[in-house]
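A.B. asks: Have a look; sequence and predicted model below, questions after that.
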Amino acid sequence: MRKLLLLNLAALSPGEVDDNMPNLQRVVSSGCISPLREPLPALTCTSHATMITGAEPAQHGIVANGWYERHHAKVFMWNRSAHQVHGETIWEALRTHQANARCASLFWRFVADSSTDIQITERPVYWASGRKSFDFYSAPRSLHGRLVSQLGKFPFPQFWGPFAGMRSSRWILDATVKIMQEDDPELLLAYAPYLDYEGQRHGPSSPQAKAALRNMDKELGRVIAAAQQNERDIAIVSDYGFTDVTQPVMPNRILREAGYLNIEEAANGDQIEAGTSRAFAICDNQVAHIYVAAAADIKGVRELLLSTPGIQSVLDEKAQREHGIFHQRSGELIALADDDSWFAWPYWTDPQRAPDFEKCIAIFDKAGFDPCELFPPPGPFGKLHIAKRLAQKMGRLAVPFDVIDPDPANPRGARKVLSTPENGATLITSWSRDSNEPVPMHDLKNLLIEHMLS
């Protein structure tokens, strides 16, 4: 069996593999590059599940980065457990050919609770006092101490939030090299999200995004060299591409004003009552799942959304089936944004009634994905406030992590829901292939297995 490194570089598009990325260009020159056609929606968790199972969202069930569980009447965002994913994974399929084939997964979504032999993922420590401290999870547990002694602590604040940057991806890439050299699994998956940050903050056309490509390529040089020394083939993928955006659209405010959204006016701000709302949205980049309680309301909600500037289409059950996204976790409707628009999660109409976690890094509390968490509060007082909060965290105080600027006008990039071959996801292999035509993402699993067994 051939050994393989499957490296996911978030948001890399085929058109970006240019002179800014000479190390990747060298891999392409001896191998192959082609567009990787994403599922709908083109989001981190959905794409990861599609790549590892070879199935569409309608089969593997990961319809977004989060969804509404009707029997809990609760929104669940960023579920980590592999038990959420239905279908045979690539490493399980490999073991049907070689029972002792080993797999390591570093920071791919749904690595926790999986059947991989080595697992590493971000996971804070939640204390009984209410405070939270930064850490990561590993299996086997002994790997945690080994990596900390070799690489230092995982730089969690640089993985997500206003400080998100290269340090976290550099740590992940260094860990990838260590696992490759010291554990040598047949299949090694790693996920480096660095390109995601500047693309969201400034847009893919920005100078900052171009600089990020150069920075990432410099880090890739030693990983590629280590893989070659390890006699390991390389497949580099991305999970989506980016588009420049200028217009935030807020479906929940629209639904609230039309009487569909039920709100509790709680002491800590307005809160969505999902279980008693006639309709509400879970917003994520250019996709929004719209959960409609009564079938009689579906037509009215769809017409309301279609009349909203910034929304290009709204998929009903028939259209969802055609796109391979219809699943019990999906909304009764799915809204897709115009090319330069994105869906923001705010639902309050009075700034004084914003929930108390509006300015927090609170990925599990919000009704959708919030790219504003990448932006610090403006001005020198904003930096002082962040420094104070970090000091309080280091001092083990249970304080809110309200360290972001929640202005929806800030993000300039979004994951592109309907991509073209040049600005969508990417597949680069260190080996040549018969064609550089677009590869459907659900075909990647079999393509890689066939190569490893060749």
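C.D. replies: Structure received. Residues are numbered from 1 along each chain as shown.

A.B. asks: Please enumerate the strands of the stretch 301-450 of the chain.
C.D. replies: Taking DSSP state E, counting those that start in this stretch as the criterion, the stretch 301-450 of the chain carries its strands at 311-315, 333-337, 341-343, 413-415, 425-429, 439-440.

A.B. asks: hmm, who's touching stretch 247-255?
C.D. replies: 261, 272, 277, 279-281, 283, 288, 290, 301, 304-305, 308-311, 335, 337-338, 340-349, 367, 408-409, 411 (C-beta atoms under 8 Å, 6 or more residues apart in numbering). Yep, even glycine has a C-beta here, placed from its N, CA and C like the rest.

A.B. asks: For stretch 197-211, which residues meet the burial criterion?
C.D. replies: 197-204, 206, 209-210 (16 or more other C-beta atoms under 10 Å).

A.B. asks: hang on, Leu336 packs against Val287?
C.D. replies: Yes. At 6.3 Å, Leu336 counts as touching Val287 under the criterion of C-beta atoms under 8 Å.

A.B. asks: joint contacts of those two?
C.D. replies: Between them, Leu336 and Val287 share these contacting residues under C-beta under 8 Å, 6+ apart: Val417.

A.B. asks: The two: which is more packed in?
C.D. replies: Val287 (30 against 20; other C-beta atoms under 10 Å).

A.B. asks: any idea how far the more buried one lies from Ile361?
C.D. replies: 22 Å (C-beta to C-beta, to the nearest Å).

A.B. asks: for the nearest residue to Asp339 once chain neighbours are set aside, helix, strand, or coil?
C.D. replies: Excluding the flanking residues, the one nearest Asp339 by C-beta to C-beta, 6 or more residues apart in numbering is Thr243, at 5.9 Å. Under the three-state scheme (DSSP: H, G, I helix; E, B strand; the rest coil), Thr243 adopts strand.

A.B. asks: pLDDT wise, what is the residue nearest to Ser238 when sequence neighbours are not counted at?
C.D. replies: Closest residue to Ser238 apart from its sequence neighbours, by C-beta to C-beta, 6+ apart: Leu12 at 4.0 Å. You'll see Leu12 listed with a pLDDT of 97.

A.B. asks: correct me, but Leu12 touches Thr426?
C.D. replies: Yes. Assessed by C-beta under 8 Å, Leu12 is found in contact with Thr426 at 5.0 Å.

A.B. asks: what sits in contact with each of the two?
C.D. replies: Contact criterion C-beta under 8 Å, 6+ apart; residues shared by Leu12 and Thr426: 236, 238.

A.B. asks: returning to what we had before: list the contacts for the residue nearest to Ser238?
C.D. replies: So Leu12 contacts 195, 236, 238, 241, 425-426 (C-beta under 8 Å, 6+ apart).

A.B. asks: And for Ala425?
C.D. replies: 12-13, 35-38, 42, 47, 237-241, 419, 441.

A.B. asks: looking at these, which has the most residues close by?
C.D. replies: Using other C-beta under 10 Å as the neighbour criterion, Tyr240 leads the contacts of Ala425 with 32 neighbours.

A.B. asks: Run a quick neighbour tally on Gln352.
C.D. replies: Gln352 has 7 nearby residues by other C-beta under 10 Å.

A.B. asks: Which pLDDT does the model give it?
C.D. replies: Confidence for Gln352, expressed as pLDDT, is 96.

A.B. asks: now it: how far from Lys359?
C.D. replies: Gln352 is 14 Å from Lys359, where distance means C-beta to C-beta.

A.B. asks: Could you do Pro248 as well?
C.D. replies: Relative to Lys359, and taking C-beta to C-beta, Pro248 is found at 17 Å.

A.B. asks: neighbour-wise, which of the two wins?
C.D. replies: Using other C-beta under 10 Å as the criterion, Pro248 and Lys359 rank with Pro248 on top: 22 against 19.

A.B. asks: per-residue confidence averaged over the helix or strand encompassing Asn8?
C.D. replies: Using DSSP states H and E, Asn8 sits in strand 4-9. Mean pLDDT, computed over strand 4-9, is 98.

A.B. asks: Which other helices and strands does it contact?
C.D. replies: Using 3 or more C-beta pairs under 8 Å, 6 or more residues apart in numbering; DSSP states H and E, the elements in contact with strand 4-9 are helix 166-182, strand 187-192, helix 207-229, strand 233-237, helix 444-452.

A.B. asks: Strand partners (parallel or antiparallel) of that strand?
C.D. replies: strand 187-192 (parallel), strand 233-237 (parallel) (DSSP bridges).

A.B. asks: Now do the shortest one and strand 425-429, the angle between them.
C.D. replies: The directions of strand 233-237 and strand 425-429 differ by 170 degrees, with axes from the mean of the first three to the mean of the last three C-alpha atoms, to 10 degrees as the criterion.
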